[in-house]
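Visitor: Sequence and predicted structure are below.
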Amino acid sequence: MSSPTTYRAVQGTAQALFTDRGSKFIGIVFPVRNAEEVKAALAQVKKEHPKASHHCFAWRSGDTASEYRVSDAGEPSGSAGRPILGQIDSRGLTYTLVVVVRYFGGTLLGVPGLINAYKTAATLALQMVPVAEKDIEEPWVLHFEYSLMNDVMRILKRHRCSVVSQEMQLFVRLVTGIPIRGKEVCLQELAQMHGVELEKGQN
């Protein structure tokens with residue numbers, strides 16, 4: 001089986017409400033790149049919903065969606081975080097966090113009821129946010145004289161590379177993300193340019 005060359009991620013935030021027997025479940029979607037952004041988003045939700053009885057969540061991360069975390073936040077084990085993650089995975093998403101905030105309505109829903117509620121709130125919120133397919137990139141560092149800037153940028157643009165950072169003085173140090181789909185051709189073109197040094201970057 002070949003490795004994936006693209007990934008799917010949400011573009012922006014959204015929220016949706018689901019109610020069941022008096023309990024309110026608010027699903028909130030966030031695009032996140034790492035654990036720090038997850039932490040910040042959770043802190044924001046808790047600040048906006050301080051009186052909620054539960055703040056359950058699931059997130060999936062990594063270009064190949066290999067990292068994930070779920071939290072039932074005090075609900076019965078497996079009744080909240082896993083159902084939320086299931087909705088992220090059913091859409092093939094990564095770099096995505098879904099938090100479902102619950103306001104208890106006085107009636108116990110039982111585990112099947114909770115699974116349905118958390119799953120539905122996550123589904124409704126995810127339906128409201130656009131999704132984009134993006135290239136999985138490999139980081140490379142380029143070193144070259146400033147006079148070669150236009151030629152280098154032309155190659156990077158043609159191969160849909162992203163510019164992560166650049167330091168410009170007499171010499172330029174440019175960190176780029178090269179889509180793995182056409183990596184060999186792009187690297188070959190850059191290597192053939194006189195005065196351009198290539199160095200594999202850190203993921």
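Guide: Yes, it's here. Numbers count the residues shown, from 1 in each chain.
Visitor: Could you point out the helix or strand that follows the helix or strand harbouring Val29?
Guide: In this structure, Val29 is located in strand 23-31 according to DSSP states H and E. Using DSSP H and E, the helix or strand that follows strand 23-31 in sequence is helix 35-48.
Visitor: Looking at this protein, which helix is longest?
Guide: Ordering each helix of the chain by length in residues (DSSP state H) puts helix 110-127 first.
Visitor: how far out from the middle of the chain is the host helix or strand of Met149?
Guide: Per DSSP H and E: Met149 is located in helix 149-158. Here helix 149-158 shows a centroid-to-chain-centroid distance of 28 Å under the convention C-alpha atoms, centre = their mean, to the nearest Å.
Visitor: Identify the residue spatially nearest to the residue positioned nearest the centre of the chain, adjacent ones excluded.
Guide: By C-alpha atoms, centre = their mean, the mean C-alpha position of the chain lies nearest to Tyr95, the distance being 1.3 Å. Here the nearest residue to Tyr95 in space, its sequence neighbours aside, is Ala9; by C-beta to C-beta, 6 or more residues apart in numbering that works out to 4.3 Å. Using the backbone N, CA and C atoms, a C-beta is placed for each residue, glycine as well.
Visitor: That concludes my questions; thank you for your assistance.
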